[in-house]
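J.: no sequence for this one, just the structure:
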């Protein structure tokens, strides 16, 4: 007796021609919808609230300064500090910080740089005034104070 083998003509393969298109669509979706936080806050922030706010149009022109008491009091003390780009700086280093931030922008946008300050509500005004004076020296005239919106009761 002879043995007969069944030959199957149907294949069990999954078509993968569209797989690269699907992967690139997912990649672009997540690249566009993901917001990457650039700075880790090293200072405590209890921001004062405001009733009138204005939204920033070009966020690429904004550089942030955080002023407040350090979170790690054992290492940095309890006096208010200035944080810029994950580092603590002194008021006399602000001019160099602004020049570095201006260098990151296009040449046509360098005079449009916006400094956004997040200042803790318990911080004394002396350090804020020092920062403002240094920003004047660095010719950074556009200054914003970042704050959450206060609920208005009527």
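T.: Yep, that arrived. Predicted model, so just to flag it, every value in this text is computed and none were measured.

J.: in the chain, which spans are strands?
T.: Per DSSP state E, the chain carries strands over the ranges 62-68, 81-84, 87-89, 114-119, 142-145.

J.: let me have the ones you listed in CSV, extended by mean neighbour count and distance to residue 130.
T.: The way it works is simple: take the backbone N, C-alpha and C, and place the C-beta from them, glycine included. Conversion of the strands of the chain to CSV gives the following (neighbours: other C-beta atoms under 10 Å; distance: least, C-beta to C-beta, whole Å):
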stretch, mean neighbour count, distance to residue 130
strand 62-68, 20, 10
strand 81-84, 21, 9
strand 87-89, 14, 12
strand 114-119, 20, 12
strand 142-145, 13, 13
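
J.: those strands: which one's closest to residue 97?
T.: Across those, residue 97 has its closest neighbour in strand 81-84 (4.9 Å, C-beta to C-beta).

J.: strands paired with the closest one, and their directions?
T.: Here strand 81-84 is paired, per DSSP bridges, with strand 62-68 (antiparallel), strand 87-89 (antiparallel).

J.: show residues contacting the shortest one.
T.: So the one you mean is strand 87-89. 42, 70, 76, 81, 82, 83, 97 (C-beta atoms under 8 Å, 6 or more residues apart in numbering).

J.: and with 10 Å instead?
T.: With C-beta atoms under 10 Å, 6 or more residues apart in numbering as the test, strand 87-89 has contacts from 39, 42-43, 65-66, 70, 76, 81-83, 93, 96-97, 131, 134.

J.: which other residues reach the lowest-mean-pLDDT helix or strand in the chain?
T.: In the chain, the helix or strand scored least confidently by mean pLDDT, DSSP states H and E is helix 73-76, which has a mean of 84. Residues from elsewhere that reach helix 73-76 (C-beta under 10 Å, 6+ apart): 42, 43, 44, 69, 70, 79, 88.

J.: let me know the average pLDDT across the helix of greatest length in the chain.
T.: For the chain, the longest helix by residue count, based on DSSP state H, is helix 19-33. The predicted model assigns helix 19-33 a mean pLDDT of 89.

J.: same thing with stretch 86-103?
T.: The pLDDT scores in stretch 86-103 average 91.
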